[in-house]
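1. Sequence and predicted structure, then a few things I'm wondering about:
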Amino acid sequence: MRKSSLTLSLLGVAALSLSLQTTTALAASTLVYCSEGSPENFTPALNTTGTSFDAARPVYDQLVLFKRGSTEVIPGLAESWKITDGGKTVTFSLRKGVKFHSGVNGFTPSRDFNADDVLWTINRMWKAEHPYHKTSGGAYDYFNDMDMPKLIKAVTRVDDYTVKMELTEANVTIMANLAMDFATVHSAEYADFLTKAGKQEQFDQIPVGTGPFVFQSYQKDAVIRYKANPGYWGEKSKVDNLVFAITPDATARYAKLKASECHVSAYVRPADLPEMQKDSALQVYNQPGLNINYLSLQVTKKPFDDKRVRKAIGLAIDQQAIIKDVYLGAGTAAKNLIPPTMWSYNNKIPAYEYNVEKAKKLLADAGVKTPIDIDLWWMPVQRPYNPNAKRIGEMIQSDLAKVGINAKLVSFEWGEYRKRMQAGEHTTGQMGWMGDNGDPDNFFFLAACNDGVPTQNNQSKWCNPEFNKLFEAAKTMAKKSDRVAAYSRMQEIMNDEQSHYFIAHSVVYEVTRKEVKGYRQSPFGSHVFNGVSVE
């Protein structure tokens, strides 16, 4: 017994010594990001949340990329491209000598990235017969909601390093779309390796890509670890290790930042900003958010099928009180789906009016006998566009009570919440959006319908023929002025129909420790760490 105790003591000392050595060694070469949640998986095509995109982004590349910190599209795995046939054909020249990572599950690539990987990636989303199409559920929301199945006519392999994509019609948004996370390129060889081993389910959980960092491990609700890819073809990592310390609570993230337990933190509480900005050890970044926070009104449910009722909701909500109480100066009142910093914003749309008596009259005109009961859903997570969804829900609940509408507050786990909202289970519910590519099309698709059927991200289930006709036509317009006119009219239609109540556009704040160098805030709210160092 004494020998065992001594052995355990020695092991404890050794472990402590190793821990201290590891901490010291990692301090100079490790970047720790305090992330706000756990990813659903590591395949962006299957996801729609920034949390999951952020977790996958270090590992992967797309054919084209957004320049770090901007909306500019630059070469990625495609070093160049040509657009011909009146905008209906895009021919990509692929980058040579790009290596896929070795996987922690024993996979070692035997060849470089080539055209086979591009075709495998697109066909997985596009073709129901693809062997991985239904793996992990097979819900490719971005690919489908952005009409990619209808837009793509053919994708062919010209040779090892040339891919031709033929479209059914010219589409001016195609290159920006292909820079988005859903278009991440995967290894066809890795898929074959897992298929032969009977482990297809690992494909979306143990990621293998060509990106600046190599996936090492993931402990749900705790930590994700990556190491630098020294052979990366692009802007390389300036640290040896990247760690995502999963910390859902904003107060806990701030405490870790102050204690040097993490170097970068997003989704800052507005109430913490004054203290952060006074701290000489921290650097606070901010920029107008390419985002929108809104209340979805489910138009297929009575009484919200009546436009007058939806307008009454808008009149009943004290928008300015929400901006003051929740955003604390870090947000602006919204009136359109797109933010005012985006081209084609229609500033002629009137601001919302707060008028309780008008709201009561509209409800009466619509034949609504109050009091009535509805549900009001609030998001269980903090997002850049919504710092406190529960508080907003409580304020709207109080406002609606003044006009005879009793709103029951409802929420679910984040993944379940999104799934149920997409299915239209709610009567009213909070949701929002961070722009993905700097194009208005990327916001307006949230209210789009395919052949009269609402897309999954159209939680209001609202379909308007004129809106949809303009939405589809704008994608093919070569002149920007024509697109501006179309989008301006679409904003007028949304204002008249009020299928959504637009709450706010936020100013996005992020904070790093001062020793972090080279960090660039993304207009899309994404977090990119190659090129970032810790001094």
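-> Structure received.
2. Could you use CA atoms for every contact and neighbour count after this?
-> Fine.
3. phi, psi of residue 64?
-> Per-residue torsions, residue 64: phi -130, psi 150 (degrees, to the nearest 10).
4. Point out where the protein drops to low pLDDT.
-> Across the chain, residues meeting the criterion (pLDDT under 70) sit at 1-28.
5. Each with direction, which strands does the lengthiest strand in it pair with?
-> Using DSSP state E, we find that the single longest strand of the chain is strand 500-513. Strand 500-513 has these partner strands in its sheet, going by DSSP bridges: strand 264-265 (antiparallel), strand 282-288 (antiparallel), strand 291-297 (antiparallel), strand 331-333 (antiparallel).
6. In TSV, list these along with distance to residue 364 and mean neighbour count.
-> Below are the strands paired with strand 500-513 laid out as TSV (distance: least, Cα to Cα, whole Å; neighbours: other Cα atoms under 10 Å):
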stretch	distance to residue 364	mean neighbour count
strand 264-265	48	26
strand 282-288	40	16
strand 291-297	19	25
strand 331-333	28	21
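7. Pipe those strands into JSON lines and attach distance to residue 448 per row.
-> JSON lines is the format used below for those (distance: least, Cα to Cα, whole Å):
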{"stretch": "strand 264-265", "distance to residue 448": "34"}
{"stretch": "strand 282-288", "distance to residue 448": "25"}
{"stretch": "strand 291-297", "distance to residue 448": "14"}
{"stretch": "strand 331-333", "distance to residue 448": "23"}
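8. Quick one: closest of those to residue 493.
-> When those are compared for distance to residue 493 using Cα to Cα, the nearest one is strand 291-297, at 15.4 Å.
9. Grab the nearest non-local neighbour of residue 393.
-> In this structure, residue 393 finds its nearest non-sequential neighbour in residue 378, 6.0 Å apart by Cα to Cα, 6 or more residues apart in numbering.
10. Which residues are in contact with that neighbour?
-> By Cα atoms under 8 Å, 6 or more residues apart in numbering, the residues touching residue 378 are 389-390, 392-393, 409-411, 429-431.
11. Can you tell me how far the closest residue to residue 220 other than its chain neighbours is from residue 398?
-> Nearest residue to residue 220, sequence neighbours excluded (Cα to Cα, 6+ apart): residue 38, at 6.3 Å. Distance, residue 38 to residue 398, using Cα to Cα, to the nearest Å: 33 Å.
12. for residue 525, what are its contacts?
-> Neighbours of residue 525 in contact, by Cα under 8 Å, 6+ apart: 50, 289-290, 384, 434, 508.
13. Would you mind giving both backbone torsions of residue 474?
-> Here residue 474 shows phi and psi, under degrees, to the nearest 10, equal to phi -60, psi -30.
14. Give me the neighbour count for the nearest residue to it once chain neighbours are set aside.
-> Residue nearest to residue 474 in three dimensions, not counting chain neighbours: residue 483, with 5.2 Å by Cα to Cα, 6+ apart. Each residue near residue 483 was counted by other Cα atoms under 10 Å, and the total is 22.
15. Shouldn't residue 483 be within a helix?
-> Yes: the assignment for residue 483, made by DSSP: H, G, I helix; E, B strand; the rest coil, places it in a helix.
16. looking at it, it is touching residue 477, isn't it?
-> Yes: Residue 483 lies in contact with residue 477 (Cα atoms under 8 Å); the separation is 6.3 Å.
17. Compare residue 38 and residue 398 (neighbour count), which wins?
-> Neighbour count, other Cα under 10 Å: between residue 38 and residue 398, residue 38 has more, with 21 against 17.
18. Tell me the secondary structure at that one.
-> Using three-state DSSP, the structure places residue 38 in coil.
19. Next up, the contacts around it.
-> By Cα under 8 Å, 6+ apart, the contact set of residue 38 is 51-52, 220-222, 246.
20. tell me the phi and psi of it?
-> With angles defined as degrees, to the nearest 10, residue 38 sits at phi -90, psi 140.
21. Over to the one 3 residues further on?
-> Backbone torsions of residue 41, given as degrees, to the nearest 10, read phi -170, psi -170.
22. Burial check on it, number of neighbours?
-> Counted by other Cα under 10 Å, the residues lying close to residue 41 total 19.
23. Going forward, count from 325.
-> New numbering, starting at 325: the last item is residue 365.
24. Report the contact partners of it.
-> Residues in contact with residue 365, defined by Cα under 8 Å, 6+ apart, are 371, 376, 528-529.
25. Which of the contacts of residue 849 fall within helices?
-> residue 374 (DSSP state H).
26. Which one of the contacts of residue 849 is nearest to residue 491?
-> residue 758 (26.9 Å).
27. can you tell me how far that closest one sits from residue 615?
-> Computed with Cα to Cα, the distance linking residue 758 and residue 615 is 4 Å.
28. how much space between residue 507 and residue 381?
-> Relative to residue 381, residue 507 is positioned 11 Å away (criterion: Cα to Cα).
29. Dump the C-alpha coordinates for the longest strand of the chain into CSV.
-> Output in CSV follows, covering the C-alpha atoms of strand 824-837 (Å, rounded to 0.1, in the frame of the first residue of the first chain):
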residue,chain,number,x,y,z
HIS,A,824,-41.4,40.1,-40.2
TYR,A,825,-40.9,42.8,-37.6
PHE,A,826,-37.3,44.0,-38.0
ILE,A,827,-35.9,44.8,-34.6
ALA,A,828,-32.3,46.0,-34.9
HIS,A,829,-28.9,45.9,-36.7
SER,A,830,-26.2,45.7,-34.1
VAL,A,831,-22.7,47.1,-34.0
VAL,A,832,-20.5,44.1,-33.7
TYR,A,833,-17.9,44.2,-30.9
GLU,A,834,-15.0,41.7,-30.4
VAL,A,835,-12.2,41.9,-27.9
THR,A,836,-8.7,40.4,-27.9
ARG,A,837,-5.8,40.7,-25.5
